[in-house]
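S.K.: The sequence and its predicted three-dimensional model are supplied below.
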Amino acid sequence: MSGTTGAHAVLRTLVDGGIDVCFSNPGTSEMHLVAEMVATPEMRLVLCLFEGVATGAADGYGRMAEKPAATLLHLGPGLGNGVANLHNARRAGTALVNIVGDHATYHRAFDAPLNSDIAALAGAVSKWVGRPESAARAGADTAEAIAAATSAVGHLPGGVATLILPSDVCWSTGGAAAPVPAPAPAPLDEQAVERVAKLLLDTEGCVLLVGGANMRRAGLNAAGRIAAATGADLLAEKSPARHERGAGIPRLDRLPYPRDLAAARLAGARHLVLAGARSPVAFFAYPGQPSTLLPDGCEVHDLGSDPAALARLAELVAPRTAPVVAEAERPGLPSGELTAEKAAAVLGALMPEGAIVVDEAITSDQWLPEYTAGAPVHDWLNITGGSIGMGLPVATGAAVACPGRPVISLEADGSAMYTPQALWTQSREALDVTTVIFDNASYAILDGELRRLGAFQGADAQRSRSLIDIPGLDFVALASGMGVPATRARTAEEFTAQLRRALAEPGPHLIDAVVPPVSS
């Protein structure tokens, strides 16, 4: 046992704990971990050219595999580059073991150029942070990280656990693999469910807001039965991490993004029942507007995130009621100049069964829910934390998790430039990802926000275009340079033909869909 290094203890604990994929962008301080990963055939090491790709890919993998992936990042600056997508993973409740290398324990005192407070940085996006100070602790702390990442807290089924590994802990001997403790199941609060059942049966003005793990077929069926039996208004959270949808599944409208539209949607609510969702608030503060989206006097009743609670509620209030489900229906194929709406119609017409759709289309996505509601059953992954640059990496991780399913990545042109390095990983790993860039040459969301504020008029409005317009991006050249076949579509007919071909051929593809900006 004395000859086992800390790095070996970490790898054996990860693999024995069910983690067999690591999205990696390592550096010098992680070389002993890399060597151990290479020597561990059960571990798939996926190289990413940017840390934000690694963390986003681990998020996408975790959402679809329903088990954690690991990341491997280089010191504090590497963690800093990956924080934005760790934020999205945290908001999604994705189980993720985030490994960050550190200087040797004795070297930190010398404040070398890459030295930083890794724990403080990690704490902003992690539910658990640990740093073993010896090889003897490496396996046990890794097991603790896995347990923390996979344990449910509040509305979140899992979370980010950051394991900081000093390089001397990894190269030193005296390590041993450790078993991962089994999570203790949370008991169902039967009395709370019964109180909500009575409320729904006896009271008008109830809204059932569904999110989290309840956005899968079983939870949606239970929610649909409850709504059909009680007349409750059924609504989904704004950005569910994973939404199973399509023909044969109850259709739920999502809470709108704009503050005024969301508040109007909830205006009649007297009681809000949360089933895996948070109480809704505005994305941002606006002058003279409240942060909450709920009307005055609306009472909130929280069922928690456990799908068993929603299932039990359905048994109590709708024992013999069937849900209303989406009919199998596809839109017709459009023609003429390509627009975001026509692109949505083409996607709805051609979407294959079992597709995984990653949605970061931002301002171009308003027609997508309508045109794809009756498509064959598929999963829809959303930008949970609002931090852009998640689409291409999350699609990468989802494709690694589900190699037999086609992945469609719907990407805005502005956010695509945050993590385009993901295309290289898709090419290297031969992943079946079709990326559609909604290329309107603008940060249209900024234009919409400025219009809502009435911030600029006349010449000032014209000058504001320097912050909004982003012309000259060549996504075909960018993708081709990373080994991904790419085409450009300016008409609906071109987009249809290119999407058909991309979905039929294995491996990654990119379509630059040139569309006009959406009016706000």
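M.R.: That came through, no problem. None of the values given here were measured: they were computed from a predicted structure. Numbers count the residues shown, from 1 in each chain.

S.K.: can we go C-alpha only for contacts and neighbour counts from here?
M.R.: Fine.

S.K.: got the domain boundaries for the chain?
M.R.: Following automatic domain parsing, one gets these domains for the chain: 6-171, 190-317, 340-514.

S.K.: could I get those as TSV with mean pLDDT and distance to Gly332?
M.R.: Formatted as TSV, these follow (pLDDT from 0 to 100; distance: least, CA to CA, whole Å):
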stretch	mean pLDDT	distance to Gly332
domain 6-171	97	30
domain 190-317	96	16
domain 340-514	92	7
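
S.K.: ranking those by burial, who's on top?
M.R.: Of all these, domain 6-171 carries the top mean neighbour count, a mean of 23, counting by mean count of other CA atoms under 10 Å.

S.K.: Of all the domains of the chain, which one is nearest Pro183?
M.R.: Distance to Pro183, taken as CA to CA, is lowest for domain 6-171 among the domains of the chain, at 6.3 Å.

S.K.: start to end distance for that closest one?
M.R.: End-to-end distance of domain 6-171 (CA to CA, to the nearest Å): 6 Å.

S.K.: next one: stretch 97-116
M.R.: Terminal residues of stretch 97-116 lie 20 Å apart, using CA to CA.

S.K.: For that stretch, which outside residues touch it?
M.R.: Here stretch 97-116 makes contact (CA atoms under 8 Å, 6 or more residues apart in numbering) with 29-30, 55, 68-77, 79, 133, 145-146, 149, 160-169.

S.K.: cutoff 7 Å now
M.R.: Stretch 97-116 is touched from outside by 29-30, 68-76, 79, 145-146, 149, 160-168, with contacts defined as CA atoms under 7 Å, 6 or more residues apart in numbering.

S.K.: so what does the longest helix along the chain touch, helix or strand wise?
M.R.: Secondary structure of the chain per DSSP state H: the longest helix is helix 75-92. The contact analysis (3 or more CA pairs under 7 Å, 6 or more residues apart in numbering; DSSP states H and E) places helix 75-92 against helix 51-65, strand 96-102.

S.K.: Remind me what the first one packs against, helices and strands.
M.R.: Packing contacts for helix 51-65, counted by 3+ CA pairs under 7 Å, 6+ apart, involve strand 21-25, strand 69-73, helix 75-92, helix 391-401.

S.K.: Export those to CSV and append columns for distance to Val433.
M.R.: Formatted as CSV, these follow (distance: least, CA to CA, whole Å):
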stretch, distance to Val433
strand 21-25, 17
strand 69-73, 19
helix 75-92, 19
helix 391-401, 7
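
S.K.: how about the helices in the stretch 251-400 of the chain?
M.R.: 259-265, 307-317, 340-350, 368-372, 391-401 (DSSP state H, counting those that start in this stretch).

S.K.: Out of these, the one nearest Ala177 is which?
M.R.: helix 391-401 (25.2 Å).

S.K.: and after that closest one, which helix or strand comes next?
M.R.: The helix or strand immediately downstream of helix 391-401 is strand 407-412, counting by DSSP states H and E.

S.K.: elements contacting the helix or strand following that next one?
M.R.: Counting by DSSP H and E, the next helix or strand C-terminal to strand 407-412 is helix 413-416. Where contact means 3+ CA pairs under 7 Å, 6+ apart, helix 413-416 is packed against strand 433-439.

S.K.: still on that earlier bit, distance to Val325 added to the helices of the stretch 251-400 of the chain, as TSV?
M.R.: Converted to TSV, these look like this (distance: least, CA to CA, whole Å):
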stretch	distance to Val325
helix 259-265	21
helix 307-317	16
helix 340-350	17
helix 368-372	14
helix 391-401	26
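
S.K.: Minimum distance to Phe438: which of these has it?
M.R.: Checked against CA to CA, the stretch from those lying closest is helix 340-350, at 7.2 Å.

S.K.: Between strand 433-439 and the closest one, find me the angle.
M.R.: Helix 340-350 runs at 160 degrees relative to strand 433-439, counting by axes from the mean of the first three to the mean of the last three CA atoms, to 10 degrees.

S.K.: circling back: how about the domains of the chain, which one is nearest Leu333?
M.R.: That would be, of these and by CA to CA, domain 340-514, which comes in at 5.8 Å.

S.K.: Quick one: distance of the closest one to the chain centre.
M.R.: Relative to its parent chain, domain 340-514 has a centroid offset of 15 Å by CA atoms, centre = their mean, to the nearest Å.

S.K.: what sits against the closest residue to Pro517 other than its chain neighbours?
M.R.: Residue nearest to Pro517 in three dimensions, not counting chain neighbours: Asn440, with 5.0 Å by CA to CA, 6 or more residues apart in numbering. The contact partners of Asn440, by CA under 7 Å, 6+ apart, come to 514-517.

S.K.: if we go to 6 Å?
M.R.: Neighbouring residues of Asn440 by CA atoms under 6 Å, 6 or more residues apart in numbering: 515-517.

S.K.: go on, Val153?
M.R.: Not one residue lies near Val153 by CA under 6 Å, 6+ apart.
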